[in-house]
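Trainee: I need the structure of the sequence given here:
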Amino acid sequence: MAKKKEITTVLKLQAPGGQATPSPPIGPALGQHGVNIGQFVQQFNAATSSLNGMMVTVVITIYADRSFTYEVKSPPAAVLLKDAAGIAKGSGVPHKEKVGSVTMQQVRDIAERKLEDLNSGSIEAAERMIMGSARSMGITVLQG
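Mentor: This is a model prediction of the structure:
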C-alpha cells in the first residue's frame, strides 16, 4: 500500500480563471509554504482557461514535500448574480436601494451551477440560498 503524503496546509484563494499571475494573493500565499508558484499558475490557468477572467475559488492542498494538489470550485454566488443582473457591484444599502434584477430562471441556473459546492439537499434549497444572496446585494428577484 502506498504511503500517504503528510498534509502541511490547505489554502482557499480566489483567483481569476485562466488569468492568474504570481502577484498577490497567490504568490505570497504559496511562496511562504515553499510551493513552486510558476508551476501552480501554469496548471491553474490551463485548467480554468474557459472561465475567461471570472473569479473562482480554488482549494490548494500543500504537502510536506512541497508538492500540491488543487480543486477548482464554482464562482461565488455574488459574482454569478452580478453577471446575470449586468451590474458592476451590489448595493451599499440593499434593503433601500435596488441596483438590478434577475429572473427566477436565472436564479435556477445559478443554483444548478453551484449545487455541488452548496450545503443544500435540494435544488429548491439552493435557489433559496441564491435568492438570499441576491436580496443582500440589492438585487430584486422577479417572479414568473
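
Trainee: Please look at Ser49 and Gly17 and confirm they touch.
Mentor: Yes. Ser49 is within contact range of Gly17, at 7.5 Å (criterion: CB atoms under 8 Å). Just so you know, the C-beta spots here come from the backbone N, C-alpha and C atoms, and that holds for glycine as well.

Trainee: Compare these two (neighbour count), which wins?
Mentor: Neighbours per residue, other CB atoms under 10 Å: of Ser49 and Gly17, the larger number sits with Gly17, 20 against 11.

Trainee: one step back: and for Ser49 and Gly17, which residues touch both?
Mentor: Counting by CB atoms under 8 Å, 6 or more residues apart in numbering, Ser49 and Gly17 have no shared contacts at all.

Trainee: What about the closest residue to Gly17 other than its chain neighbours, how many residues nearby?
Mentor: Among residues not flanking Gly17 along the chain, Leu51 sits closest, at 2.7 Å (CB to CB, 6 or more residues apart in numbering). Leu51 has 18 neighbours, counted by other CB under 10 Å.
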